[in-house]
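Enquirer: 3D model of this:
(one chain, ligands or ions: 1)
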Amino acid sequence: MKLKKEGVGKAHSKIILMGEHAVVYGYPALALPLKGIEVTCQILPGQKELERDKQDPLVTAIHAALDHLAVTDRQLTYTISSQVPERRGMGSSAAVSLAAIRAVFDYCGQALADQLLEELVNQAERVAHTNPSGLDAKTCLSDSPLVYTRTEGFRPVKLDLSAYLVIADTGLHGQTSEAVQKVKNQGNQAQPYLEQLGHLTDQALVVISRQDLTSLGQVMTQAHGLLDGLGVSCPEANALVAAALEAGALGAKMTGGGLGGCIIALTPSREAAERISQHLAEKGARETWIESL
Ligand code: PMV
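Expert: Numbers count the residues shown, from 1 in each chain. Below you'll find the model as predicted:
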């Protein structure tokens with residue numbers, strides 16, 4: 001196989017609108033691709049062999065791609081440039097792995113089908129998450145919002161809401177595996193929370209189909225209360241959720257695994273989104289993004 005002088009791959013990030021944690025127990029989740037927030041990986045010839053590192057999903061993804069292509073020459077190096085903050089529930093590990101696998105295939109001059117890409121990225125995601133639902137990888141691969149359940153898989157969903165989502169970073173690393181474990185440790189006690197979260201995601205889908213933004217906001221805020229009750233939020237996320245509501249958001253919640261990471265707030269207009277973003281920045285958000293729904 002003739003290797004190129006450089007391989008480049010890109011991927012976008014994602015955000016979970018509803019259903020995190022409950023999705024692990026078979027309830028639905030709704031996630032959106034964030035097409036404007038990207039990561040780029042570049043693969044270049046290097047001076048020494050790229051060592052395997054099971055702790056590192058990026059290196060694991062590169063080796064998974066090289067193994068698949070049966071490339072023996074592993075004297076290579078990589079660069080990552082990312083607009084996706086690391087470990088904030090925005091699919092950074094999945095997005096980085098996707099970009100890296102695409103870059104390896106480009107480096108090797110090989111075409112890459114989406115299904116294979118998904119298999120390879122899920123191999124790397126198992127390193128980052130131990131037991132990923134697959135939602136991150138799939139949403140980072142998708143051009144449209146997706147509903148996912150473990151039993152039924154994925155289906156695209158139309159949002160078409162004239163609304164905006166403000167995403168605000170607490171500045172703290174999210175701790176997805178720890179949070180998933182924390183819920184698991186609660187055994188049956190977690191069940192009523194998970195069930196209600198599942199019910200709220202179903203409700204969110206109904207109100208989205210009616211374009212009822214007020215109810216969607218309420219459902220999001222209720223989901224936050226349940227996630228906090230499960231112990232997977234954190235004081236910083238709770239403070240940003242309260243600040244968003246105080247500034248007039250229709251609803252707000254933590255997003256992703258939690259114990260850090262980001263919150264999301266629903267707003268009816270760009271002006272409201274900008275105002276709420278500003279308020280969240282004043283209340284300590286490290287960074288904010290506005291996404292049209
Ligand atoms: O922290 P994130 O954005 O990778 O999301 C994790 C979502 C969970 O439901 C908590 C776990 C999973 O695998 O779906």
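
Enquirer: which SS state does L172 fall under?
Expert: L172 falls in the coil class when you classify it by DSSP: H, G, I helix; E, B strand; the rest coil.

Enquirer: Run a quick neighbour tally on the closest residue to it other than its chain neighbours.
Expert: Here the nearest residue to L172 in space, its sequence neighbours aside, is G260; by Cβ to Cβ, 6 or more residues apart in numbering that works out to 3.4 Å. Where C-beta positions appear, they are placed from N, C-alpha and C, glycine not excepted. Neighbour count of G260, defined by other Cβ atoms under 10 Å: 25.

Enquirer: try the one 5 residues further on
Expert: If you count neighbours by other Cβ under 10 Å, A265 ends up with 31.

Enquirer: So it sits against L216, correct?
Expert: No - using Cβ atoms under 8 Å, A265 and L216 do not qualify as a contacting pair, with a distance of 11.7 Å.

Enquirer: Which neighbours do those two have in common?
Expert: 250-251 (Cβ atoms under 8 Å, 6 or more residues apart in numbering).

Enquirer: Whichever helix or strand Q222 is part of and the ligand, are they touching?
Expert: Remark: Q222 resides in helix 213-229, with elements defined by DSSP states H and E. No - judged by Cβ under 6 Å from any ligand atom, helix 213-229 and the ligand are separated, with a smallest distance of 9.5 Å.

Enquirer: Now that helix: average pLDDT?
Expert: Averaged across helix 213-229, the pLDDT comes to 98.

Enquirer: again, but for stretch 110-127
Expert: Mean predicted lDDT for stretch 110-127 stands at 90.

Enquirer: And that stretch, how far out from the chain middle?
Expert: 16 Å (Cα atoms, centre = their mean, to the nearest Å).

Enquirer: can that stretch be found next to the ligand?
Expert: No - no part of stretch 110-127 sits close enough to the ligand to count as contact by Cβ under 6 Å from any ligand atom; the gap is at least 8.4 Å.

Enquirer: per-residue confidence at P268?
Expert: P268 is assigned a pLDDT of 96 by the prediction.

Enquirer: so it makes contact with D212?
Expert: No - counting by Cβ under 8 Å, no contact exists between P268 and D212, whose distance comes to 11.5 Å.

Enquirer: and those two? which has more neighbours close in?
Expert: For P268 against D212, the residue with the higher neighbour count under other Cβ under 10 Å is P268, and the figures read 17 against 14.

Enquirer: ok, the more buried one - contacts?
Expert: 162-164, 213, 250.

Enquirer: Check the average confidence over stretch 285-293, would you?
Expert: 93.

Enquirer: can you give me the end-to-end distance of it?
Expert: With Cα to Cα, to the nearest Å as the measure, the first residue of stretch 285-293 is 21 Å from its last.

Enquirer: repeat for stretch 280-293
Expert: 20 Å.

Enquirer: helices and strands around the longest helix along the chain, which ones?
Expert: Secondary structure of the chain per DSSP state H: the longest helix is helix 191-209. In terms of contact count using 3 or more Cβ pairs under 8 Å, 6 or more residues apart in numbering; DSSP states H and E, helix 191-209 is assigned the packing partners strand 7-18, strand 29-49, helix 213-229.

Enquirer: Which residues belonging to that helix are considered buried?
Expert: Neighbour-count burial for helix 191-209, counted by 16 or more other Cβ atoms under 10 Å, picks out 193-194, 196-201, 203-205, 207-208.

Enquirer: Same question for stretch 11-18.
Expert: Within stretch 11-18, judged by 16+ other Cβ under 10 Å, the buried ones are 11-18.

Enquirer: Check the residues you listed one by one and keep those near the ligand.
Expert: Subset of the buried residues of stretch 11-18 in contact with the ligand: I16, counting by Cβ under 6 Å from any ligand atom.
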